[in-house]
Structure formats: C-alpha cells, structure tokens
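Participant: just to be clear, the model below is a prediction. Sequence and coordinates:
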There are 2 protein chains.
Amino acid sequence: MLALLADEESVVDPAAVVVPEAYERAFAAIESDPRNEILVLVEGTGYQGDDGTVVGSLQATYIPGLGKGGVERALIEAVRVRADRRGGGLGRILMERATARARTRGCELIQLASDKRREDAHRFYVALGFANSHEGFKLTL
Amino acid sequence: MLALLADEESVVDPAAVVVPEAYERAFAAIESDPRNEILVLVEGTGYQGDDGTVVGSLQATYIPGLGKGGVERALIEAVRVRADRRGGGLGRILMERATARARTRGCELIQLASDKRREDAHRFYVALGFANSHEGFKLTL
C-alpha cells in the first residue's frame, strides 16, 4: 500500500511519481504488502493542476515480534530529503509523520540503522529522541 | 509460516513448541505473514517418540526495498541460543542456516542490530562475515 503523506492533506496521484524502471518490481512488492509502505512528503498548493512536488520519502516496515513482550515494531529505511531542500526541517516533519503513523498502527518501538560515516544523521535521530543503543551489522550475500 | 530448521532434516510439530500466552498474538501474526518467519534449531534423534529439543531460534523478516538497486534484504532479530548450550557453535549453525535461507529467497543483504553492551555478540557477527558498518537507533513509542 502506498501512503502519501501530503502537506495539508493534499493527495498526489501515485502514477505521477516517477520510478526508475529497475525499482519497479521492488516498488510493486512494497505496494502490495500491508506491512510495507513508502511515506512521501509532498509540497504543493493542492490547487487544481498542481500535483505537488515530492521533497522527501522513507520506507516503513511493520514487524510483528516475539521480543519485548510481543510488541510490533516499525523499521525505518531509506530516509531521503531532496538535496536542494535539506536543512529546512523537512526531515523532522517526515520522521514525525512516520512516528505518528507507527503509533497509530500500534507499534511500540521504531528502529533504524544509519551508516557510521553519517554523523549528521546520527545527531538528527538523537535530536528526534532516538537512543543510539545498538551496533548495526550488514552482510552482503 | 513457521519454518523449522532441524538437524538431519527431522521435523518438529509446531504445536509442541511451548509459547507463553502473551506472545500468542505476535506468533500468529508472524506465522500468517509470508515475509516473517521464526527459524528454530532443533536437536534430536528424529526417532519415533523423540520430537527433539529447541536449542536456538531467530526471527527473519524479508523486506522488499528501494535502496541499493531494489534488492530484497533479510532483517534478523531475536537471535537466541539456549543458555546451557552456548559456546558450542549452535549460534553459528543457526545463523548459517538463516543466511542460506535468505540467499535461497533471493535476498542480497542481511542486516541486524545488536545492543552496544553485547560485545561478545558483536565479535560473533564479525566472525560470521558481517560488517559493523552502521549505528543502530531505537525510539520507544
């Protein structure tokens, strides 16, 4: 399911979002899975003829779990803000909407991993209330 | 779907696995989701009357993604080896089977997060070939 979190609740036609061909299969898999979604931050007037501009996006995966008393958690991946719009608070808005959505779904935890080289991102997540409590590991297959 | 990865391909009746009542809903959610599964390592003879003993388990979530060229990734959570059986290589066997299974499903990446205090676990994952390339963040809702 594709969720478009638009400013002022304006809605953008998903078909208007340009997706590189290589990603189409992954996009379809996300769209058809009730436990995965792409949240898109859209700026625009909402007036007729203005579909708005995508300025940020992230992927959320809602995971049932046996840990921590069986609570459901949200995994956030691929947090992106358009390069020419960074530093203006859009990332915070995007993350706050993802947090609100996870809460609405009944999640009790949000988790994410950020590349060790991205210290600015780490400060950003700590400022949002995240605890840098874990080490993140990846294995390429 | 519940996957039981048993020694010598012996299979254990899932109904024989004791699950605390508080976890039953989460367990049902995992069982009914094709993108989530619990892998269980079972020791036993496989002879009639011996259902084996669960000595290890983990949760795997298979996530379609737009990052890294649209590859599917596996998230590993809740890696557990029975307390009285640690240090004997069962964790490695469990992780190797999870890796093989992720590969079979077409995943190109496995990721996990481990509490910063668990330095022994970090050495374990690095020994398995994982790169400690990320910082892990959690936000309790």
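Facilitator: Cool, the structure landed. Numbers count the residues shown, from 1 in each chain, chains lettered A, B, ... in the order given.

Participant: quick one: the helices in chain A?
Facilitator: Counting by DSSP state H, one finds helices in chain A at the ranges A:24-31, A:90-104, A:119-127.

Participant: name the helices or strands packed onto the first one?
Facilitator: Put plainly, it is helix A:24-31. Packing partners of helix A:24-31 (3 or more C-beta pairs under 8 Å, 6 or more residues apart in numbering or on different chains; DSSP states H and E): strand A:36-43. In short, each C-beta sits where N, CA and C put it, glycine included.

Participant: would you agree A:Gly91 is in contact with A:Val81?
Facilitator: Yes: at 4.9 Å, A:Gly91 counts as touching A:Val81 under the criterion of C-beta atoms under 8 Å.

Participant: chain neighbours aside, what residue packs nearest to the residue nearest to the spatial centre of chain A?
Facilitator: In chain A, the centroid-proximal residue (C-alpha atoms, centre = their mean) is A:Leu58; its distance is 2.4 Å. Leaving aside its chain neighbours, A:Leu58 sits nearest to A:Val79 (4.5 Å; criterion: C-beta to C-beta, 6 or more residues apart in numbering or on different chains).

Participant: shouldn't A:Phe27 be in contact with B:Leu66?
Facilitator: Yes: with contact defined as C-beta under 8 Å, A:Phe27 counts as touching B:Leu66 (6.6 Å).

Participant: what stretches of chain A score poorly on pLDDT?
Facilitator: A:1-22, A:45-46, A:48, A:67-68 (pLDDT under 70).

Participant: if we can go back for a sec, mind checking how far the residue nearest to the centre of chain A is from A:Ala74?
Facilitator: 10 Å (C-beta to C-beta, to the nearest Å).

Participant: shared neighbours, those two?
Facilitator: Here A:Leu58 and A:Ala74 have A:Ala98 as joint contacts, going by C-beta atoms under 8 Å, 6 or more residues apart in numbering or on different chains.

Participant: circling back: the residue nearest to A:Leu58: neighbour count?
Facilitator: A:Val79 has 19 neighbouring residues, counting by other C-beta atoms under 10 Å in any protein chain shown.

Participant: surely it touches A:Arg92?
Facilitator: No: under the criterion of C-beta under 8 Å, A:Val79 makes no contact with A:Arg92, lying 10.9 Å away.

Participant: figure out how far stretch A:53-67 is from the centre of its chain.
Facilitator: 5 Å (C-alpha atoms, centre = their mean, to the nearest Å).

Participant: how about that stretch: buried residues?
Facilitator: A:54-66 (16 or more other C-beta atoms under 10 Å in any protein chain shown).

Participant: if the nearest residue to A:Thr61 once chain neighbours are set aside is in a bridge, with which residues?
Facilitator: Excluding its sequence neighbours, the residue lying closest to A:Thr61 (C-beta to C-beta, 6+ apart) is A:Leu75, at 4.4 Å. Judged by DSSP bridges, the bridge partners of A:Leu75 are A:Thr61, A:Gln111.
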